[in-house]
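In: My questions concern the predicted model and sequence given below.
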Amino acid sequence: MIISYDKEADAVYIEFSDEKSASVHELENFINVDITQDDKIIGIEILKASKKINLETFQKYKFENH
C-alpha cells in the first residue's frame, strides 16, 4: 500500500495495487474509488484533502491484521 499527497492538487491517494483501473466510482463528493475490470478496489482518491482530513497526521497509521 502506498499513500501519497499531491499538494498542488490537494489530493490524497491510497494505492492498494498497481493494476490498471477500468473505472472510477464516486462514493460521495470528492471521494473516488478506482476499480479493475473484475471489480477489485485498487485505489481511493480524496480530493480537497486538506478540508477533509488532518494532513499533519494522515501519514501516521496503524495496520492490524486480525
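Out: Received the coordinates, thanks. Because the structure is predicted, anything quoted here is derived from the model rather than measured. Numbers count the residues shown, from 1 in each chain.

In: Any idea how many residues pack against residue 34?
Out: Neighbour count of residue 34, defined by other CB atoms under 10 Å: 22. Using the backbone N, CA and C atoms, a C-beta is placed for each residue, glycine as well.

In: what comes up buried for the helix or strand of the chain with the lowest mean pLDDT?
Out: For the chain, counting by mean pLDDT, DSSP states H and E, strand 2-6 ranks last in confidence among helices and strands (a mean of 88). Within strand 2-6, the residues that qualify as buried are residue 5, counting by 16 or more other CB atoms under 10 Å.

In: Could I get the pLDDT score of residue 1?
Out: The model reports residue 1 with a pLDDT of 84.

In: Now do the same contact list for it.
Out: Taking CB atoms under 8 Å, 6 or more residues apart in numbering, we find residue 1 in contact with 14-16.

In: cool, and residue 37?
Out: Per CB under 8 Å, 6+ apart, neighbours of residue 37: residue 22.
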